[in-house]
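[1] I would like the atomic coordinates for the input below:
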Amino acid sequence: MNIKTPSLLAMLKAGVHFGHKNSKWHPNMEPYIFTTKNSVHIINLEATQKKLEEALKVLADLASQNKTILFVGTKSQATSLVEKYAILCDMPYVVNRWLGGLLTNFSHVAQVPQKLTRLKKDRESGELKKYTKKEQLEFDREIERLDYLVGGIETMTKKPDMVFLVDLVKEKTALREAQQMGIPVTALCDTNTDPRAVDYPIPGNDDATKSIELMMQAVAEAVNEGKKNPQVEEKITK
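    Okay, here's the model as predicted:
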């Protein structure tokens, strides 16, 4: 497979190397820190590139086996980008609010997107026209509410095979649920996070829009590349 990894120059221009202030760092990120400038940790982009290559290969392999990768990014800088690139590679996503139990109690939570699908079908078929205009308006509002909550996972019929997180601190609940269910996680890890918490950490700036977009684009392209090269299912190991 032809998996493309952003160049060091591209990552530099996107600000992937900018971490947090050294007072907020997590000691386990030390192997990925190059230096400190103006009290801000600078991430070693060569290390980022190496770990990104590893993560992209795993993501492409999973995609080639028709596996599901759930994209999660609910911080303001990430929502539109996560949605954009998840749609681009036809994967489910969560960008507004994480529903507690999505992974640990999937069969129960899955009833919410199923309800959304049912209401949409009823509206499209004209089934809802038998109700009063006020009731139809209430259905429209309910569809809008549910679409906001679970629109990105409406077609996710089973638990994902991997979860991709943009921010480990912001998405701590999603991370915890994935860990409890034994679902592998890959994530963009800034200098204030513990990279040991995930299976495939990608050291990098998880706050700057350009950094997030560069990573999301690379991930989406790897997934699509995997889909173009289907293969017999095999176990993905770290």
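[2] can you give me phi and psi for the spatially most central residue of the chain?
    The C-alpha lying nearest the average C-alpha coordinate of the chain belongs to F71 (Cα atoms, centre = their mean; 2.3 Å). Per-residue torsions, F71: phi -90, psi 130 (degrees, to the nearest 10).
[3] bridge partners for it, pull those for me.
    Y93, F164 (DSSP bridges).
[4] what about T79, neighbour count?
    Using other Cβ atoms under 10 Å, T79 is surrounded by 16 other residues. (C-beta placed from N, C-alpha, C; glycine too.)
[5] pLDDT score assigned to it?
    The model reports T79 with a pLDDT of 96.
[6] you'd agree it is up against G73?
    Yes: between T79 and G73 a contact is recorded at 6.2 Å, counting by Cβ atoms under 8 Å.
[7] which neighbours do those two have in common?
    Residues touching both T79 and G73 (Cβ atoms under 8 Å, 6 or more residues apart in numbering): V95.
[8] right, and L8 touches L45 too?
    Yes: counting by Cβ under 8 Å, L8 touches L45, with 5.1 Å between them.
[9] which of those two has more neighbours?
    L45 (22 against 14).
[10] which residues touch that one?
    So L45 contacts 8, 11-12, 16-17, 34 (Cβ under 8 Å, 6+ apart).
[11] are any of the residues you listed buried, and which?
    In terms of neighbour count (16 or more other Cβ atoms under 10 Å), the buried residues within the contacts of L45 are 11, 16-17, 34.
[12] where is pLDDT lowest across those residues?
    Out of these, that is F34, at 93.
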